[in-house]
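Undergrad: Dropping the sequence and predicted coords here.
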Amino acid sequence: MTALQQTAGRAGSRILAYGAARGAEVVTNDDIVGPINSSDEWIRQRTGVIERRRAAADVEAVDLAEAAAKQAIEAAGIRPEQIGAVLVSTISNTVQTPSLAALLTDRVGATPAPAYDISAACAGFTYGVAQADSFIRTGLAEYVLVVGAEKLSDYAKPTDRTISFLLADGAGAAVLGPADEPGVSPTVWGSDGGKWGVVGMDNPLSAYRDGEAEWPTLRQEGPTVFRWAVWEMAKVAQQAVDAAGITADDLAAFIPHQANMRIIDELAKQLKLPAHVAIARDIARTGNTSAASIPLAAHALLAEQPELSGGLALQIGFGAGLVFGAQVVRLP
């Protein structure tokens, strides 16, 4: 029997650089509390959000993705045509098809790289990193562009008290490339469709089409999501640390999805992170950007503490689906 040839892979992969783009408009708590009959103090106490970044009406998620991607490609020191795949996690594409990733590939000059969108909400960036790592290690691509891009303000109902005051706009990008040793640990990921309805859109598109409901916006069952995120995701995060073959003492940073400051602090507490581990708290000034939140938080953390460069970071994403993903990565 004739054997098929296979492409030779690499020993490992690692994140070479990040790029970031945030909505240009700063929206304070005072700007949005009226319709939800709330206060700046209430939002700060419950979520840790002081302000969120939102984009202008004429800015789309792909525009944010383009800015972040070009920054990451330049910082990685590669040419766009060297990119072997473009993966974009988003729930904010303006059309069901074609993919945002295909358009982004053209905009950054990476054509004819394969491109597709990942619909994994707030876990999408970790899903993308897992796939990029496998592509590089198996020889399917040498460099992979992974982007989380969201314009969640398009899906925020001003009168919603469950999630709308958290939502923000932005894009975070990472370029992954080959490494002589693993720079991405085994990913611990999964889903729980039994909780499919606890966070997501309040109406299907068909109901809007048929005039039976308003434009779909995001909502959540806050207490249910909070309990799941705190108790179940702490277990997933620990499993990721164990899968990496390290302990919390080996970490330089903890970069969770920026869902809620209380969730971030509780996860850090349950993981018993040492005092030297830097914790990303980008949500305070950026808000919740779903798939974009981890790379945006990583970019901000490295800008604030450049000495973290080269260290190990535990990242975990979790959200609508319910879906989750976690891995340890070496910071660029």
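TA: Cool, got the structure.

Undergrad: make it CA atoms for all contacts and neighbour counts henceforth
TA: Will do.

Undergrad: right, and A8 touches I136 too?
TA: No: here A8 does not reach I136: they are 9.6 Å apart, not a contact under Cα atoms under 8 Å.

Undergrad: So the two - more neighbours on which side?
TA: I136 (26 against 11; other Cα atoms under 10 Å).

Undergrad: Would you check that the more buried one makes contact with L145?
TA: No: counting by Cα under 8 Å, L145 is not a contact partner of I136; they are 11.4 Å apart.

Undergrad: The residue nearest to L218 when sequence neighbours are not counted and A207: what is the separation?
TA: Using Cα to Cα, 6 or more residues apart in numbering and skipping the chain neighbours, the partner closest in space to L218 is M201 (4.6 Å). Going from M201 to A207 by Cα to Cα, to the nearest Å gives 12 Å.

Undergrad: Repeat that for V184.
TA: For V184, the distance to A207 (Cα to Cα) stands at 42 Å.

Undergrad: between the two, who's got more neighbours?
TA: Counted by other Cα under 10 Å, V184 and A207 do not tie: V184 has more neighbours, with 25 against 13.

Undergrad: Next, count neighbours for the residue lying closest to that one once chain neighbours are set aside.
TA: Distance criterion Cα to Cα, 6+ apart; nearest residue to V184, sequence neighbours excluded, is V329 at 4.5 Å. Burial measure for V329: 25 neighbouring residues, criterion other Cα under 10 Å.

Undergrad: I figured V146 hits T126, correct?
TA: No: counting by Cα under 8 Å, V146 does not reach T126; the two are 9.4 Å apart.

Undergrad: Ramachandran coordinates for L218?
TA: Main-chain dihedrals, L218, degrees, to the nearest 10: phi -80, psi 140.

Undergrad: Report the contact partners of the residue most central in space within the chain.
TA: Central residue of the chain (Cα atoms, centre = their mean): A291, 3.0 Å from the mean position. Each residue near A291 by Cα atoms under 8 Å, 6 or more residues apart in numbering is listed here: 89-90, 120-125, 148-150.

Undergrad: Output these as a markdown table; include the columns secondary structure, distance to K70 and pLDDT.
TA: Shown next, in a markdown table, are these (DSSP: H, G, I helix; E, B strand; the rest coil; distance: Cα to Cα, whole Å; pLDDT from 0 to 100):
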| residue | secondary structure | distance to K70 | pLDDT |
| --- | --- | --- | --- |
| S89 | strand | 16 | 98 |
| T90 | coil | 18 | 98 |
| A120 | coil | 23 | 97 |
| A121 | helix | 23 | 96 |
| C122 | helix | 22 | 97 |
| A123 | helix | 23 | 98 |
| G124 | helix | 20 | 98 |
| F125 | helix | 17 | 98 |
| G148 | strand | 13 | 98 |
| A149 | strand | 13 | 98 |
| E150 | strand | 17 | 98 |
